[in-house]
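K.L.:
Here is a sequence with its predicted model. Questions after.
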Amino acid sequence: MSSTPSSIGLILLSHGSKDPVWRRNAEHLLAQVQQAQPAAAVACAYLDWCDPPLGPAVAQLLQSHPQLTQITIWPLLFGVGKHASEDIPALVEELAPLHPQVQLRIAPAMGEDARVISLLAAMAGGYLEGA
């Protein structure tokens with residue numbers, strides 16, 4: 001747990017929904033990250049239906065954390081579809097010239113991370129055992 005401001009920020013990028021309850025998981029994840037790393041520059045953003053969209057989230061994160069030199073955008077998507085393969089890279093390409101002082105990096109989609117798949121496999125095993 002670091003109390004020193006980092007030069008790396010993180011945006012948890014979710015799909016979004018018209019249903020306000022849908023935001024709960026992304027915001028819960030954000031709260032847990034903030035609790036574990038209080039000095040971290042981390043925020044949520046959404047592709048559709050919810051605020052803030054990615055552009056304003058990047059601008060707000062840079063305004064509140066001007067020391068950032070890199071922002072990692074982590075798509076909280078289970079698989080790689082059109083959003084992960086086309087939409088998000090296009091958004092980042094549009095945003096990059098607006099923020100030349102920071103490198104915008106796209107992490108692999110959440111569901112593409114072997115650690116997430118391992119966790120889900122363990123959870124599935126628990127359900128098979130009646131948990």
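P.N.:
The structure has been received and is ready for your questions.
K.L.:
Pull the distance from the worst-scoring helix or strand of the chain on mean pLDDT to the chain's centre.
P.N.:
Lowest mean confidence among the helices and strands of the chain (mean pLDDT, DSSP states H and E): helix 82, at a mean of 83. In terms of C-alpha atoms, centre = their mean, to the nearest Å, the centre of helix 82 is found 17 Å from the chain centre.
K.L.:
So which bits of stretch 45-62 are buried?
P.N.:
Within stretch 45-62, the residues that count as buried by 16 or more other C-beta atoms under 10 Å are 45-47, 50, 52-54, 57-58, 61-62. Quick note: C-beta positions are derived from backbone N, CA and C, even for glycine.
K.L.:
could the residues you listed be laid out in CSV, adding pLDDT, secondary structure and distance to residue 94?
P.N.:
Formatted as CSV, these follow (pLDDT from 0 to 100; DSSP: H, G, I helix; E, B strand; the rest coil; distance: C-beta to C-beta, whole Å):
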residue, pLDDT, secondary structure, distance to residue 94
45, 97, strand, 14
46, 96, strand, 16
47, 94, coil, 13
50, 90, coil, 19
52, 96, coil, 15
53, 96, strand, 11
54, 97, helix, 9
57, 98, helix, 14
58, 98, helix, 11
61, 97, helix, 17
62, 97, helix, 16
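K.L.:
Can you tell me which of the residues you listed lies closest to residue 97?
P.N.:
Ranked by distance to residue 97 (C-beta to C-beta), those are led by residue 58 at 12.2 Å.
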